[in-house]
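Peer 1: Build the 3D model from these lines:
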Amino acid sequence: QNLEAAAPAEGQTTLSLAGAAQSAALRLDLVYGAADWVLFGLLAVGLLVSLAGLLLEWQNCPAAWQVLLRLGQGIVSGLWFLCAAELLNGDSALWKLPAIAVLVAFLLYAGLALVLRAVTGRTGLATGLTGAVLFVVGVANHFVLLFRGTPFTFIDILSAGTGMRVAGGYRFTIQPVLLLGVVFLLFGLCTPALRLEPRLPRTRRNRWLLRLGCLAAGAAVLAGVCRRDTFQAAGLAPSGRSAVDYAEAAGAVTSFAGSGVFSFPAQPDGYSPEALEALAEAYPSDEATAISEDAPNVLLILSESFTDFEALGDLRTDQTVLPFWQEFTQREDVHSGTLVMSTLGGGTVYSEFQVLTGITTAFDYPSSPYTQCLDRTVASLPAQAAQLGYTTAAVHPAEGANYNRVGALPWLGFDTCVFREDLTLAPGDTTRGFMRDSALFRQVTGMLEETDDPMFLFCITMQNHGGYTNADYESPVQLLWPEGCDEAEQY
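Peer 2: Residues are numbered from 1 along each chain as shown. Below is the predicted model:
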């Protein structure tokens with residue numbers, strides 16, 4: 001959001017970040033009120049208290065004081081780590097979140113820290129590792145928000161390979177807010193790291209009992225928090241909200257955990273095979289009949305990131321962007337209209353799965369059906385086409401490992417699957433590292449001509465895939481208005 005013209009309200013202080021104007025996606029000003037400064041004060045006091053532990057003689061300090069100091073240091077570290085992660089969550093901040101969201105985030109931090117304490121045997125090391133994990137989540141969320149406009153979720157981990165394969169098309173820059181997050185992280189790391197580990201008299205047996213106790217406590221906390229009913233009772237369930245709204249309401253850490261909890265489909269109330277059969281009997285369908293030899297081919301194309309910008313509003317370019325498309329869709333024998341997508345900025349597989357199967361992901365948090373749910377044959381367009389006598393094929397000029405298509409598409413009824421590794425590309429067949437549509441459609445045409453049998457062919461393109469910041473790409477169309485939209489021009 002561009003807050004350049006916004007003046008701070010009475011009693012507020014504005015901290016401007018140098019260089020922030022370089023990124024339209026970055027909050028340009030941080031506006032703090034009285035409550036925010038109170039939290040800053042508490043964090044500062046906590047840091048001073050933790051550093052004061054260095055002045056104490058750990059050997060002579062009573063054990064109770066050592067335990068309390070360690071507990072206080074862990075709490076203060078957790079606040080710093082959570083502040084660092086939340087600072088990278090768009091224009092959010094830890095002190096802007098509901099108390100219940102902060103509590104859930106802190107319990108997640110505490111549970112993970114206890115488990116790592118059991119593994120490492122060192123309180124300071126476990127606290128620091130936990131902070132590093134939370135900061136990695138925050139940094140990942142920061143860049144995913146910049147690149148695709150939606151927050152980092154649990155499903156992105158399962159699709160990490162896909163993301164890394166297309167990351168070359170994006171431009172990575174260090175934003176000032178990221179440096180501020182590093183400062184918060186360092187404060188959190190200094191809290192446990194600058195104190196000595198108290199040397200309480202313990203036997204080897206007691207040390208192992210302490211480890212087991214930490215493991216049990218940490219596992220209990222994580223198991224209790226990472227439950228659907230816990231998030232629902234706290235009002236932090238993601239259902240019915242977009243990923244962006246959910247991350248703003250629950251915070252980066254809590255929403256990330258919630259995305260994982262709700263990414264695995266839950267069995268609906270009243271579900272049973274018998275109930276499904278009864279439901280199906282209420283909607284009988286005609287018996288399928290075999291197709292004739294002269295049945296038409298069926299070609300289904302998922303055109304990556306395709307839209308007609310000129311149909312979206314007042315846009316001025318030096319030439320018509322899609323003259324053929326605009327003429328083609330006006331023909332009387334062509335049916336066309338506006339397509340409402342289920343995802344924006346990533347998640348091609350959601351639309352793909354829904355189109356092929358008719359199964360929506362809209363009623364729960366989006367999952368990755370090809371990696372989580374698809375391990376058997378399901379009803380689908382290609383499966384129905386195969387029953388009618390069609391030969392079925394899928395073509396995608398990206399690696400088959402992306403979203404596990406190589407393992408999932410056969411379950412949807414495709415006899416043949418062709419991926420990037422199966423294609424031989426000639427010079428000029430790629431642009432910005434992706435296969436051109438013209439080259440891909442030559443491949444598709446060849447497959448249709450190689451067989452006399454009617455074919456159902458599903459094709460996913462790659463030419464339009466983001467990002468749109470390639471410095472070596474010469475845009476054939478110049479965007480005259482709005483001005484300064486370099487990514488839109490390259491798109």
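
Peer 1: measure the closest residue to Val261 other than its chain neighbours to Ser263 for me?
Peer 2: Closest residue in space to Val261, ignoring its immediate chain neighbours: Cys226 at 5.4 Å, by Cβ to Cβ, 6 or more residues apart in numbering. Every residue, glycine included, has its C-beta placed from N, CA and C. Distance, Cys226 to Ser263, using Cβ to Cβ, to the nearest Å: 12 Å.

Peer 1: So for stretch 83-99, what gets flagged as buried?
Peer 2: Using 16 or more other Cβ atoms under 10 Å as the test for burial, stretch 83-99 gives 83-97.

Peer 1: what's the neighbour count on the residue nearest to Val261?
Peer 2: 17 (other Cβ atoms under 10 Å).

Peer 1: Ser259 is in contact with that one, correct?
Peer 2: No - in this structure, Cys226 is not within contact of Ser259 by Cβ atoms under 8 Å, at 11.2 Å.

Peer 1: So Arg211 is in contact with Thr120, correct?
Peer 2: No - assessed by Cβ under 8 Å, Arg211 is found out of contact with Thr120, at 9.2 Å.

Peer 1: helices or strands up against the helix or strand hosting Val355?
Peer 2: Per DSSP states H and E: Val355 is located in helix 348-357. Contact partners of helix 348-357 among helices and strands, from 3 or more Cβ pairs under 8 Å, 6 or more residues apart in numbering; DSSP states H and E: strand 298-302, helix 369-372, helix 381-388, strand 455-460.

Peer 1: outside of that helix, which residues touch it?
Peer 2: Applying Cβ atoms under 8 Å, 6 or more residues apart in numbering, the contact partners of helix 348-357 are 159, 300, 302, 304, 341-343, 359-361, 366, 368-370, 374, 378-382, 403, 405, 412, 458, 460.

Peer 1: how close does Thr123 sit to Leu185?
Peer 2: Shown here: Thr123 relative to Leu185, a distance of 18 Å by Cβ to Cβ.

Peer 1: For Val144, which non-adjacent residue is spatially closest?
Peer 2: Spatial nearest neighbour of Val144, chain neighbours left out: Phe152 (4.4 Å); criterion: Cβ to Cβ, 6+ apart.

Peer 1: So which bits of stretch 437-457 are buried?
Peer 2: Under 16+ other Cβ under 10 Å, the buried positions of stretch 437-457 are Asp437, Ala439, Leu440, Gln443, Val444, Met447, Pro454, Met455, Phe456, Leu457.

Peer 1: Contact partners for the third one?
Peer 2: Taking Cβ under 8 Å, 6+ apart as the definition of contact, the neighbours of Leu440 are Val395, Pro397, Cys459, Thr461, Met462, Gln463.

Peer 1: same thing but 6 Å
Peer 2: For Leu440, the contact set (Cβ atoms under 6 Å, 6 or more residues apart in numbering) comprises Pro397, Thr461.

Peer 1: can you confirm it is in a helix?
Peer 2: Yes - counting by DSSP: H, G, I helix; E, B strand; the rest coil, Leu440 is part of a helix.

Peer 1: Can you check the pLDDT for Thr14?
Peer 2: pLDDT, Thr14: 40.

Peer 1: From Asp308, how far off is Thr320?
Peer 2: According to Cβ to Cβ, Thr320 and Asp308 sit 10 Å apart.

Peer 1: What segments of the stretch 251-400 of the chain are strands?
Peer 2: For the stretch 251-400 of the chain, the strands defined by DSSP state E, counting those that start in this stretch occupy 298-302, 316-317, 391-395.

Peer 1: and Gly111, which of those strands is closest to it?
Peer 2: Closest to Gly111 of those is strand 298-302 (Cβ to Cβ; 40.7 Å).

Peer 1: Show me the beta-bridge partners of the closest residue to Thr416 other than its chain neighbours.
Peer 2: If the residues on either side of it in the chain are set aside, Thr416 comes closest to Ala393, at 4.1 Å by Cβ to Cβ, 6+ apart. Ala393 has the following beta-bridge partners by DSSP bridges: Thr416, Leu457.

Peer 1: Number of residues surrounding Val182?
Peer 2: When neighbours are counted by other Cβ under 10 Å, Val182 registers 13.

Peer 1: do you know how far it is from Pro410?
Peer 2: For Val182 relative to Pro410 (Cβ to Cβ), the value is 46 Å.

Peer 1: For stretch 398-408, which residues meet the burial criterion?
Peer 2: Going by neighbour count (16+ other Cβ under 10 Å), the buried part of stretch 398-408 is Ala398, Gly400, Asn402, Tyr403, Asn404, Arg405, Val406, Ala408.

Peer 1: Where does pLDDT dip in the stretch 101-250 of the chain?
Peer 2: Counting by pLDDT under 70, the stretch 101-250 of the chain shows low-confidence ranges at 148-149, 158-173, 191-202, 240-242.

Peer 1: change it to 90
Peer 2: Filtered on pLDDT under 90, the stretch 101-250 of the chain yields the residue ranges 102, 117, 121-128, 138-211, 228-229, 232, 234-250.

Peer 1: how about the helices of it, start to end?
Peer 2: In the stretch 101-250 of the chain, the segments counted as helices under DSSP state H, counting those that start in this stretch are 123-148, 154-158, 160-166, 176-193, 204-225, 228-233, 243-250.

Peer 1: Looking at the ones you listed, which is nearest to Leu114?
Peer 2: Closest of those to Leu114 is helix 204-225, at 3.0 Å (criterion: Cβ to Cβ).

Peer 1: circling back: quick one: which two of the buried residues of stretch 437-457 are the most distant?
Peer 2: Taking Cβ to Cβ, the two most distant members of the buried residues of stretch 437-457 are Ala439 and Pro454; they sit 24.8 Å apart.

Peer 1: could I get the helices of the stretch 101-250 of the chain as TSV with distance to Thr469?
Peer 2: Output for the helices of the stretch 101-250 of the chain, formatted as TSV (distance: least, Cβ to Cβ, whole Å):
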stretch	distance to Thr469
helix 123-148	9
helix 154-158	20
helix 160-166	13
helix 176-193	18
helix 204-225	39
helix 228-233	36
helix 243-250	22
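
Peer 1: so which of those helices gets nearest Arg420?
Peer 2: Closest among the helices of the stretch 101-250 of the chain, using Cβ to Cβ: helix 160-166, at 9.4 Å.
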